[in-house]
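**Student:** starting from these lines, generate the structure:
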Amino acid sequence: MAKRKSSTLAQRRAARQEYQQAKKKPLGAGARFAAVEKSAALGGAKEAGAVAAAVMWKKYGKKGGAKLIAKGKKANKNLARE
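**Tutor:** Here you go, the predicted structure:
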């Protein structure tokens, strides 16, 4: 069995602070998702991306989550062109 890396309390607090800052950014930018993913990883989650996705689906539902994903993909596509 692989040993998980343990994170310090300071690292988890810093991740929480990053999430609070990410909440101020517009939805669909991916900043909140990344912050939740990082926080979950520091908390010991094996699949941090899955945790962040589950939070999104629970909070915004099927339609709202799909809209956010589409908005993020569109924004990333536009950034790649520039």
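
**Student:** which helix in the chain runs the most residues?
**Tutor:** In the chain, taking DSSP state H as the definition, the longest helix is helix 48-81.

**Student:** buried ones in it?
**Tutor:** 48, 51, 52, 53, 55, 56, 65, 68, 69, 72 (16 or more other CB atoms under 10 Å). Any C-beta I mention is one placed from the backbone N, CA and C, and that applies to glycine too.

**Student:** so who does the fourth one touch?
**Tutor:** By CB atoms under 8 Å, 6 or more residues apart in numbering, the residues touching residue 53 are residue 33.

**Student:** how much space between it and residue 18?
**Tutor:** Taking CB to CB, to the nearest Å as the measure, residue 53 falls 18 Å from residue 18.

**Student:** again with the fifth one
**Tutor:** When distances are taken as CB to CB, residue 55 and residue 18 turn out to be 15 Å apart.

**Student:** repeat for the second one
**Tutor:** Computed with CB to CB, the distance linking residue 51 and residue 18 is 16 Å.

**Student:** do the same with the first one
**Tutor:** Between residue 48 and residue 18 the distance is 14 Å, computed by CB to CB.

**Student:** now for these two: what residues contact both?
**Tutor:** residue 38.

**Student:** poorly predicted segments of this protein, please.
**Tutor:** Within the chain, the segments meeting pLDDT under 70 span 1-6, 78-82.

**Student:** pick out the residue nearest the middle of this protein.
**Tutor:** residue 33 (2.0 Å; CA atoms, centre = their mean).
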